[in-house]
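Engineer: no FASTA, just this:
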């Protein structure tokens, strides 16, 4: 059982902001990424880029994300989940 508040969800604007951050850091167009495309395999992201994404999300959204969550942040869907959980804390 998780301690996340199930009422916390991301709205379309937040999802767009997250996608924009990811695309900027990965240097790809928003049309190139889907919720399930893998950052490493499909977009050639390395671990440094993943850390940059995490730091940018923390700054932009004023949340704290544990670095252990990086293993779940392999695509946009994973990032949305991690950000939702971090926002619920």
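Structural biologist: Great, that's in hand. None of these values were measured; they are calculated from a predicted model.

Engineer: Tell me how many other residues crowd residue 72.
Structural biologist: Residue 72 sits with 14 neighbouring residues when counted by other Cβ atoms under 10 Å. All C-beta atoms are positioned from the backbone trio N, CA, C, and that covers glycine.

Engineer: Pull the contacting residues for it.
Structural biologist: For residue 72, the contacting residues are 78, 81-82, by Cβ atoms under 8 Å, 6 or more residues apart in numbering.

Engineer: How confident was the prediction at residue 8?
Structural biologist: Looking at residue 8, its pLDDT is 79.

Engineer: related to what we said a few turns ago, now, of the contacts of residue 72, which are buried?
Structural biologist: With burial judged by 16 or more other Cβ atoms under 10 Å, the buried subset of those is 78, 82.

Engineer: Just send the contacts of residue 72 back as CSV, with distance to residue 12, pLDDT and secondary structure too.
Structural biologist: Shown next, in CSV, are these (distance: Cβ to Cβ, whole Å; pLDDT from 0 to 100; DSSP: H, G, I helix; E, B strand; the rest coil):
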residue, distance to residue 12, pLDDT, secondary structure
78, 18, 98, helix
81, 16, 97, helix
82, 18, 98, helix
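
Engineer: Residue 55: which of the contacts of residue 72 is nearest?
Structural biologist: Nearest to residue 55 among the contacts of residue 72 is residue 82, at 13.3 Å by Cβ to Cβ.

Engineer: Quick check, that closest one in contact with residue 73.
Structural biologist: Yes. Using Cβ atoms under 8 Å, residue 82 is in contact with residue 73, at 5.6 Å.

Engineer: so residue 18 makes contact with residue 10?
Structural biologist: Yes. Judged on Cβ under 8 Å, residue 18 makes contact with residue 10 at a distance of 7.4 Å.

Engineer: Count the neighbours of the residue nearest to residue 39 when sequence neighbours are not counted for me.
Structural biologist: Nearest non-adjacent residue to residue 39, counting by Cβ to Cβ, 6 or more residues apart in numbering: residue 45, 4.0 Å away. Applying other Cβ under 10 Å, we find 20 residues neighbouring residue 45.

Engineer: Name the SS class of residue 45, please.
Structural biologist: Classification of residue 45 using DSSP: H, G, I helix; E, B strand; the rest coil returns coil.
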